[in-house]
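*Asks:* Output the structure for:
(2 chains)
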Amino acid sequence: MSLKLYNTLTRQLEPFEPLSPGRVSLYTCGPTVWNYAHIGNFRTFLFEDLLRRWLELSGYAVYHIMNLTDVDDRIIKEAGAKGLSIKEFVAPYIDAFQEDREYLRIAPAHDYPRATHFIPAMVRLVEGLLERGIAYRGDDGSVYFSIDRFPAYGALSQLDRRELRAGASTRVSADEYAKEDARDFALWKAARPEDEAVGAAWDAPFGRGRPGWHLECSAMALDLLKRRFKADVLDIHAGGVDLIFPHHEDEIAQSCAYTGETHFARYWMHGEFLNVRGAKMSKRFGNITTPRDLREDGIDAGAIRLLVFQTHYRQKLDLTDEGLRGAQEASRRLGEFGRRLLDRVSDADSRGFVLAGSRLRDEVREAFDDDLNAPRAIASMFDFMNEANRLLDAGERPGPSAVAEWQTADAALDISTVPRVTEIRPIIRPPIEGEPPMHLPEDPPDDPEALETWALAWATMRANAKAQRDFAAADRIRKMLRGSGYEVRDRRDGIVELVRL
RNA sequence: GGCGCCGUAGCCAAGUGGUAAGGCAGAGGUCUGCAAAACCUCCAUUCGUCGGUUCGAUUCCGACCGGCGCCUCCA
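*Replies:* Numbers count the residues shown, from 1 in each chain, chains lettered A, B, ... in the order given. Below you'll find the predicted structure:
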């Protein structure tokens, strides 16, 4: 069994074969940095992260490009309102995106090209299209792509060319009059005073202006691909379902018209939406949740990843508090188990672990190879966990192979929340005659380090109270510690675990 | 109007032409001074509705009901 991926281009599952053996070029549409990206945006980035990780675990050397769109209508408008250049306006959102990305454990792309850094490549592309007679200059000084001169248009979205016109009637753009055909799209937009004011205008042979929405992706992908792979065709291009039309359709049109290739990317993959109460997450609906919000609510990245991956990437996912809570608990259990497994590792796998490990490997591989069926892979991880816990309880020990299989599965998904545990062996001693009683403040200190010391001291106190069978005192201390974010676990071997909640 | 997706237990969610994975929640039990963690057991004769094809359909086909997305700058 080898990797099969669903290709939007053919609407079919296809065996994945990169153009050059062993190497994969992957381009994923990144954020428009006009605001904090929300968890719906990140669902797509998480799906792409899984794709990237699984390709790498399958032995491919992946070259992953994710663009940062740092010039568009919204950015120009917001920057203008704040009296900032687009460059200044965008900077904090780029930082925030990278912070959120790290928080969600999304592997960094190899390149994060910014639209404004690739103006020359875009100009070359537009010039090329003008030379080929596929693009034209409108009366408004903008440059448009003529859909009539690109017969393959519409292949990705399977939209009938004639139908596009009817649909467009509800949203007629202001510069409509300049186009030869309502369906044509802007490659280059003539500079307006508002653009100039925020530094969003560049000189070009065909007139001063700024790039259209789709242009950047084609220009940057082709430019980077040329440098790195000496090629004009991407292996995989991914994004959210809403990008199929017009964004990706237009990327294909301009790229292929420019390169003369049949494909811009051979595999097009699209992740479904994350919804809130059935509606898509969107600024317009005011139902935005960002990773930073979830982080503030104490939700671990592992839980968010688990929640997202428990639904197949081509299925809609509804974000609910209950779902989040459930994922948090499940993620914690996986992390708890991972810790237990590593704690008991030995030189050789017991018979039970050999079997459980090889079953996990087979199931996980089969699941991911089947169009990244993460829900099934996760189910296999839970099956392994349950079996392994049973084996551990029965005294069996895992060896390198079982541990490696577990770690491979977790390396693809990264859905565990490992508990923060401090283990102590408390010093038990009888109270000494005449010794003044230990005085520990009941209020926890604010400083995290002092808090840890404080908690450990109380845990020791509690162990002593227990040793003297003063269970009332012991239970009181445990309750107090819980109130300060520590759970106390008494192990059978006398070690006390303090778990930071 | 065009293109497309979805409807599986309280909640989330896989799945197959041969009789329903997994997670959360819930119930009971083991362990524990009591807990926590872990383990064991239980928890959909049924997969939106109605027809059809078939020896057999949740899985294929049709209709209907319900929810959702895209149709020019939204992941």
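*Asks:* mind listing the strands for the stretch 301-450 of chain A?
*Replies:* Under the criterion DSSP state E, counting those that start in this stretch, strands of the stretch 301-450 of chain A are mapped to A:317-318, A:420-424.
*Asks:* Output these as CSV; include the columns mean neighbour count.
*Replies:* All C-beta atoms are positioned from the backbone trio N, CA, C, and that covers glycine. Output for those, formatted as CSV (neighbours: other C-beta atoms under 10 Å):
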stretch, mean neighbour count
strand A:317-318, 16
strand A:420-424, 13
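*Asks:* can those strands go into JSON lines with extra columns for distance to RNA strand B and mean pLDDT?
*Replies:* Supplementary listing: the strands of the stretch 301-450 of chain A in JSON lines, determined by distance: least, C-beta to the nearest atom of the strand, whole Å; pLDDT from 0 to 100:
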{"stretch": "strand A:317-318", "distance to RNA strand B": "5", "mean pLDDT": "92"}
{"stretch": "strand A:420-424", "distance to RNA strand B": "10", "mean pLDDT": "90"}
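*Asks:* In TSV, list these along with distance to A:Ser346.
*Replies:* TSV is the format used below for these (distance: least, C-beta to C-beta, whole Å):
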stretch	distance to A:Ser346
strand A:317-318	40
strand A:420-424	20
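*Asks:* where's A:Ile432 relative to RNA strand B, distance?
*Replies:* Using C-beta to the nearest atom of the strand, to the nearest Å, we find A:Ile432 at a distance of 23 Å from RNA strand B.
*Asks:* and what of A:Glu497?
*Replies:* As it turns out, when the distance is counted by C-beta to the nearest atom of the strand, A:Glu497 lies 8 Å from RNA strand B.
*Asks:* In a strand, that residue, correct?
*Replies:* Yes: when the secondary structure is assigned by DSSP: H, G, I helix; E, B strand; the rest coil, A:Glu497 falls within a strand.
*Asks:* what's the nearest residue to it if we skip its chain neighbours?
*Replies:* Once its chain neighbours are removed from consideration, A:Glu497 has its nearest residue in A:Arg489; the separation is 4.3 Å (C-beta to C-beta, 6 or more residues apart in numbering).
*Asks:* Helix or strand: which one has the one you found?
*Replies:* Using DSSP states H and E, A:Arg489 sits within strand A:486-490.
*Asks:* which of the residues in that strand are buried?
*Replies:* A:Tyr486, A:Val488, A:Asp490 (16 or more other C-beta atoms under 10 Å).
*Asks:* Return only those of these found close to RNA strand B.
*Replies:* A:Val488, A:Asp490 (C-beta under 7 Å from any atom of the strand).
*Asks:* and the stretch 201-350 of chain A, which residues reach RNA strand B?
*Replies:* In this structure, the stretch 201-350 of chain A approaches RNA strand B at residues A:212-213, A:239-247, A:271-275, A:278-282, A:310-312, A:315-318, A:320, A:322-323, A:325-327, A:329-330, A:333, A:336-337, judged by C-beta under 7 Å from any atom of the strand.
*Asks:* at 6 Å instead, please
*Replies:* With C-beta under 6 Å from any atom of the strand as the criterion, the stretch 201-350 of chain A meets RNA strand B at residues A:212-213, A:239-243, A:245-246, A:273-274, A:278-282, A:310-312, A:315-318, A:320, A:322-323, A:325-326, A:329-330, A:333, A:336.
*Asks:* List only buried entries from those residues.
*Replies:* Buried members of these, counted by 16+ other C-beta under 10 Å: A:212-213, A:239-243, A:245-246, A:273-274, A:280-281, A:310-312, A:317, A:323, A:330, A:333, A:336.
*Asks:* Briefly note if stretch A:464-478 comes near RNA strand B.
*Replies:* Yes: part of stretch A:464-478 sits near RNA strand B under the criterion C-beta under 6 Å from any atom of the strand, namely A:Lys466, A:Phe471, A:Ala474, A:Asp475.
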